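Peer 1: Quick one, fold the following:
(chains A and B)
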Amino acid sequence: MVSYAFRKFKNRLFFVLCLACVIIAVVPLLSTLLEVLVRGAPQLSVQFITQPAGVIGESEGGIGPAIQGTLILIGLTSIIGIPLGIMSGIYLAEYGDNRYAALMRRVNDVLAEFPSIVVGITVFTVVVLSLGHFSPLAGAIALSFILIPIVARTTEESLKLVPNSIREASLALGVHKWRTTMSVVLPTARAGVVTGTLLAVARIAGETAPLIMTILGNQNFFQGFGQPMDALPLRIWRDALQPYPSLQAQGWGAALILILIILSLNIGVRIVSRGRLGR
Amino acid sequence: MRMDDTSINDDEESQMPAGKMRSIQLSAWFGAKQALRDVNLFVKANSVTAIIGPSGCGKTTLIRCLNRMHELVPNAKTTGKVLLDGKNIYAKNIDPVLIRRRVGMVFQKPNPFPTMSIYDNVAAGLKLTGVKKDKGLDEIVRRSLEQATLWEEVKDDLKKPGTSISGGQQQRLCIARAIALQPEVILMDEPCSALDPLATAKIEELIVSLKQDYTVVIVTHNMQQAGRVSDFTGFMYLGQLIEYGDTKTVFENPRSELTEKYITGEFG
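Peer 2: Take a look at the predicted model:
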């Protein structure tokens, strides 16, 4: 016979274990964030975020081109990837009751787990080599490869959470299926789709490996779609490899800016989408 | 199949003059499992027809065949005919989407669209089918809510979410949403089973008033309810329509022993 006190103790123990796990998971995250904040914050200035890189020993310079490049990449990738990802997710959730869709789902899952360096090499071979030069477009295509499977999967999962009774209510009014999906099901799943999309955008904004093979990096601001371009992860990577403390410090600053961009994007999209779709 | 095309013509002439809907040798399957067997149901215009029977007897499947909702279930199949004003809604050239605009449906659990306001829920059918944009919409929303006896309770809260009102109000909202499209027939699938007695009484009152303008078919597991609201009753058992007639006769003087046993509560 197990005593009541022991059962009560087990109940308590379970809670303490859960709490301990949360702490173990969160502490490294917070300490990283704190480190970036402490080391990066002193770098921040108007000059730092607007100027191109300076010359060692002469001028400090900034990370302007990298910020511009990352914003361009986020924009291009979103334009290419988000519609494709959401539409794929809709197909899988609403029309996915067949063998072809099951195969697509499997392929999608594999693609979502793909090492990003392999994506970079693939796009290098297919796009960069055939264009004949590095290009922001190649970078956006590579990042789309990473973004689309994540968006598709989270969209599918969110749509599947919408109760079937909601679909039936709309179909029983004589509303066509596509209209039911776009005007009833998708808005009901809005929160999940937006969250999944934001996570995917945050993920691609921090990707480095595919960019090495596609946009290469650049000391200057955007120079056209036929030229190499810089991005924050590339800049952080290059700065981290430098022996000069001033450049390493700029790397920390760049990391902080990247985190801030992702954070403000996250908050901004949530405010906008809440205002537009209600709830 | 015994019933052929001539039966349709009979229908239009003298046999059953005011028939709004009729099923002829209607059978339905879920995959290999047969849910309906050769059902011949008659639905008179501007009346309430109740379908009663124990759980799993095919009541819901039957009314879901009347507006072609049954076929939305994967692997579902139907044979036989369903006539709406004498025309087979399962004929090859018929678009089920257009049938559903003429034959509306209210479900077991209230299912207002959670992202839409009360107003938009009522207007949803008209907006999403492209029938009506904004002109005259206010008037239709008001009239539909009035007919569903909900207007007085929500007229100041039209912008609130459709899910913010009580369960009984939500169900009346769903009825308003269905009648906003001015269907000819309204199918109700146990519309009160998720509601308390007071809300049930309101909906029952509403059902009786609806038959002035619409033809109503209601599925219910509650025999007292069938007795209170319906003019005609069909009793179903194991996928077959065992008995059909005017409600008084079916309840007081059933032809089938099975019906009598069910009504007196011996099984079900």
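Peer 1: Can you name the residue of the stretch 51-200 of chain A nearest chain B?
Peer 2: A:Gly174 (3.3 Å; CB to the nearest CB). Placement of C-beta: from N, CA and C, glycine included.
Peer 1: What about the residue lying closest to that residue once chain neighbours are set aside, how many residues nearby?
Peer 2: Once flanking residues are discounted, A:Gly174 sits nearest to B:Arg101: 3.3 Å by CB to CB, 6 or more residues apart in numbering or on different chains. Using other CB atoms under 10 Å in any protein chain shown, B:Arg101 has 20 other residues around it.
Peer 1: And A:Gln68, how close does it get to B:Val141?
Peer 2: For A:Gln68, the distance to B:Val141 (CB to CB, to the nearest Å) stands at 50 Å.
Peer 1: Tell me how far whichever strand or helix holds A:Leu258 lies from the chain's centre.
Peer 2: Per DSSP states H and E, A:Leu258 falls inside helix A:245-277. Taking CA atoms, centre = their mean, to the nearest Å, one finds helix A:245-277 lying 11 Å from the centre of the chain it belongs to.
Peer 1: ok so, going back, need the contact partners of whichever strand or helix holds the residue nearest to A:Gly174.
Peer 2: Assigned by DSSP H and E, B:Arg101 falls within helix B:96-102. Residues outside helix B:96-102 that contact it (CB atoms under 8 Å, 6 or more residues apart in numbering or on different chains) are A:171-176, B:67-69, B:71, B:84, B:89, B:125, B:129, B:181, B:183-185.
Peer 1: Apply 7 Å and report the result again.
Peer 2: A:171-174, A:176, B:67-68, B:84, B:89, B:129, B:181, B:183-185 (CB atoms under 7 Å, 6 or more residues apart in numbering or on different chains).
Peer 1: quick one, phi/psi of B:Gly104?
Peer 2: Main-chain dihedrals, B:Gly104, degrees, to the nearest 10: phi -80, psi 170.
Peer 1: what sits opposite it in the beta ladder?
Peer 2: Using DSSP bridges, the beta-bridge partners of B:Gly104 come out as B:Ile186.
Peer 1: Buried residues of stretch B:230-243, list them for me.
Peer 2: B:230-237, B:239-243 (16 or more other CB atoms under 10 Å in any protein chain shown).
Peer 1: Enumerate the residues of the stretch 151-268 of chain B near chain A.
Peer 2: B:Leu181 (CB under 7 Å from any CB of the partner chain).
Peer 1: Tell me which residue in the stretch 151-268 of chain B sits closest to chain A.
Peer 2: B:Leu181 (6.2 Å).
Peer 1: Isn't that residue up against B:Gly104?
Peer 2: Yes - between B:Leu181 and B:Gly104 there is a contact under CB atoms under 7 Å: 6.2 Å.
Peer 1: Any stretches of chain B with poor pLDDT?
Peer 2: For chain B, the stretches with pLDDT under 70 are B:1-18, B:132-133, B:268.
Peer 1: Go ahead and flag the most central residue of it.
Peer 2: Centre of chain B computed as the mean C-alpha position; nearest residue by CA atoms, centre = their mean is B:Leu187, 1.1 Å away.
Peer 1: Alongside chain B, which residues does chain A contribute?
Peer 2: So far as CB under 7 Å from any CB goes, chain A lies against chain B at A:97, A:165-166, A:168-176, A:179, A:183-184, A:187-188, A:277-279.
Peer 1: Any of those residues buried? List them.
Peer 2: For the residues of chain A next to chain B, a burial check counting by 16+ other CB under 10 Å picks out A:166, A:168-175, A:179, A:183-184, A:187-188.
Peer 1: Among those residues, name the ones in helices.
Peer 2: Taking DSSP state H, the ones among those that sit in helices are A:166, A:168-171, A:179, A:187-188.
Peer 1: Mind putting these into JSON lines with distance to A:Ile204 and pLDDT?
Peer 2: Formatted as JSON lines, these follow (distance: CB to CB, whole Å; pLDDT from 0 to 100):
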{"residue": "A:Ile166", "distance to A:Ile204": "32", "pLDDT": "96"}
{"residue": "A:Glu168", "distance to A:Ile204": "37", "pLDDT": "96"}
{"residue": "A:Ala169", "distance to A:Ile204": "37", "pLDDT": "97"}
{"residue": "A:Ser170", "distance to A:Ile204": "34", "pLDDT": "97"}
{"residue": "A:Leu171", "distance to A:Ile204": "36", "pLDDT": "97"}
{"residue": "A:Arg179", "distance to A:Ile204": "31", "pLDDT": "96"}
{"residue": "A:Pro187", "distance to A:Ile204": "25", "pLDDT": "95"}
{"residue": "A:Thr188", "distance to A:Ile204": "27", "pLDDT": "94"}
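Peer 1: and which of those residues is nearest A:Gly62?
Peer 2: Nearest to A:Gly62 among these is A:Pro187, at 42.1 Å by CB to CB.
Peer 1: Spatially, what comes nearest to that closest one if we skip its sequence neighbours?
Peer 2: Once flanking residues are discounted, A:Pro187 sits nearest to B:Thr115: 4.2 Å by CB to CB, 6+ apart.
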